[in-house]
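J.: need the 3D shape of this:
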Amino acid sequence: MNILIIGGTRFLGRHLVDAAMERGHKLTLFNRGRSNPTLYPQLETIQGDRENDLGQLAATRSWDSVIDTCGYVPRIVRLSAQALSGAVGQYVFISSISVYADTSKIGINESDAVGRMPDENVEEITSETYGPLKALCEEAVEHNLPGRTLIIRPGLIVGPHDPTDRFTYWPVRVARGGEVLAPENPAVPIQIIDGRDLAHFTFQLIEQKATGIFNATGPGTALNLGTMLETCRAVSANESVFRWAPVDFLAANNVQPWSDLPVWVPDSPEDAGFSRVSIEKAVSAGLTFRPLEETIQDTLTWAATRPSDTPWRAGLVSEREQQLLSLLEQWKPA
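T.: Prediction:
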């Protein structure tokens with residue numbers, strides 16, 4: 001198939017490119033050329049701004065499908081969908097499970113309500129607006145390509161080349177050994193998906209000419225923080241010791257879920273469904289998962305190639321973690 005990818009040189013984008021080439025598809029990349037511009041010299045790469053240049057490109061070209069990996073602002077996604085409506089057979093939009101309005105529900109599925117923006121003209125992306133903006137992007141695509149839209153809602157994407165460090169922190173930290181500050185308790189559920197598994201699933205759906213909405217996170221069986229950390233320890237073959245810090249201790253010391261201690265969201269009633277999203281539809285459609293050990297090992301291998309001065313975008317710096325571990329020893333719950 002002839003595929004256009006908007007993006008294609010960062011994280012999920014590059015996994016999509018690799019999966020497409022493995023599966024024998026013809027690719028065109030359209031991006032600004034700011035991230036890894038020489039990564040795929042063998043592919044046709046067109047540099048441009050999607051807001052201003054995509055329409056001109058679409059006027060003279062056509063593709064079986066487009067994959068939009070980097071749509072966050074509804075106005076801009078609407079322009080892309082309008083420009084490509086006559087140039088592609090299918091529009092694949094990478095969205096997020098963050099679109100859902102009620103994360104208290106266990107087993108959120110694709111028919112559940114999405115969040116709404118009080119003012120749909122707002123374009124600032126924050127933790128509060130990210131999900132509702134993605135929902136509006138979905139609507140913009142479906143409106144312009146009715147019946148030709150495939151929407152994929154991933155959970156936390158992990159694995160090699162992740163620029164966010166939201167998972168990478170844990171394999172690297174555990175591999176360093178010693179006492180490791182861990183959040184809440186080992187039974188807290190988590191959901192993650194290796195970017196490579198997500199990429200191959202995306203192309204399975206494209207090849208099936210699928211449309212509609214698919215939640216895409218994982219793994220296929222329930223996973224919790226304890227198992228994830230124990231697997232990190234087993235892969236790195238060291239003697240790390242996990243010190244589980246209560247939620248009230250972490251809150252009292254201004255330790256932020258998801259950023260200071262990545263992957264973790266407190267297992268509270270209001271967020272009980274955040275890491276218990278239903279993926280039954282995607283699994284039935286062919287979504288499969290590689291072993292967690294493989295994801296951890298490949299993440300460690302990739303992380304070791306980064307320059308030593310690469311700034312970490314998530315996780316605790318060592319000095320802060322040691323301070324918190326000392327405070328935890330003296331902690332007396334109220």
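
J.: show me what the residue positioned nearest the centre of the chain bridges to in the sheet.
T.: With distances taken as CA atoms, centre = their mean, the residue of the chain nearest its centroid is residue 157 (3.2 Å). On the basis of DSSP bridges, residue 157 is bridged to residue 193.

J.: would you agree it is in contact with residue 198?
T.: Yes - Residue 157 is within contact range of residue 198, at 6.1 Å (criterion: CB atoms under 8 Å). The C-beta positions use only the backbone N, C-alpha and C, and glycine is treated the same way.

J.: now do the shared contacts for these two.
T.: Common contacts of residue 157 and residue 198 (CB atoms under 8 Å, 6 or more residues apart in numbering): residue 12.

J.: all strands of the stretch 151-300 of the chain, in order?
T.: Using DSSP state E, counting those that start in this stretch, the strands of the stretch 151-300 of the chain run over 156-158, 179-183, 189-190, 192-194, 212-216, 223-224, 241-245.

J.: which neighbours does the second one have in its sheet, and in what orientation?
T.: In this case it means strand 179-183. When sheet partners are counted by DSSP bridges, strand 179-183 sits next to strand 241-245 (parallel).

J.: picking up where we left off before, residue 12 versus the residue nearest to the centre of the chain, what's the distance?
T.: 6 Å (CB to CB, to the nearest Å).

J.: and what of residue 245?
T.: Distance from residue 245 to residue 12, by CB to CB: 31 Å.

J.: before we move on, what about residue 194?
T.: 10 Å.

J.: residues shared between the contacts of the two?
T.: Shared contacts of residue 194 and residue 12 (CB under 8 Å, 6+ apart): residue 157.

J.: show me the contacts for residue 67.
T.: So residue 67 contacts 3, 4, 5, 6, 7, 16, 92, 94, 202, 206 (CB under 8 Å, 6+ apart).

J.: could I get these as CSV with secondary structure, neighbour count and pLDDT?
T.: Listed next are those as CSV, based on DSSP: H, G, I helix; E, B strand; the rest coil; neighbours: other CB atoms under 10 Å; pLDDT from 0 to 100:
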residue, secondary structure, neighbour count, pLDDT
3, strand, 24, 98
4, strand, 28, 98
5, strand, 27, 98
6, strand, 24, 97
7, coil, 23, 94
16, helix, 27, 98
92, strand, 27, 98
94, strand, 25, 98
202, helix, 27, 98
206, helix, 21, 98
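
J.: columns distance to residue 297 on top of these, output as CSV?
T.: Output for the contacts of residue 67, formatted as CSV (distance: CB to CB, whole Å):
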residue, distance to residue 297
3, 30
4, 33
5, 27
6, 31
7, 26
16, 22
92, 30
94, 26
202, 23
206, 29
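
J.: identify the farthest-apart pair in those residues.
T.: Maximum pairwise distance among the contacts of residue 67 (CB to CB): 15.6 Å, between 7 and 206.

J.: excluding sequence neighbours, find me the nearest residue to residue 54.
T.: Nearest residue to residue 54 in three dimensions, chain neighbours excluded: residue 83, at 4.7 Å (CB to CB, 6 or more residues apart in numbering).

J.: where does that neighbour sit, in terms of helix or strand?
T.: helix 74-84 (DSSP states H and E).
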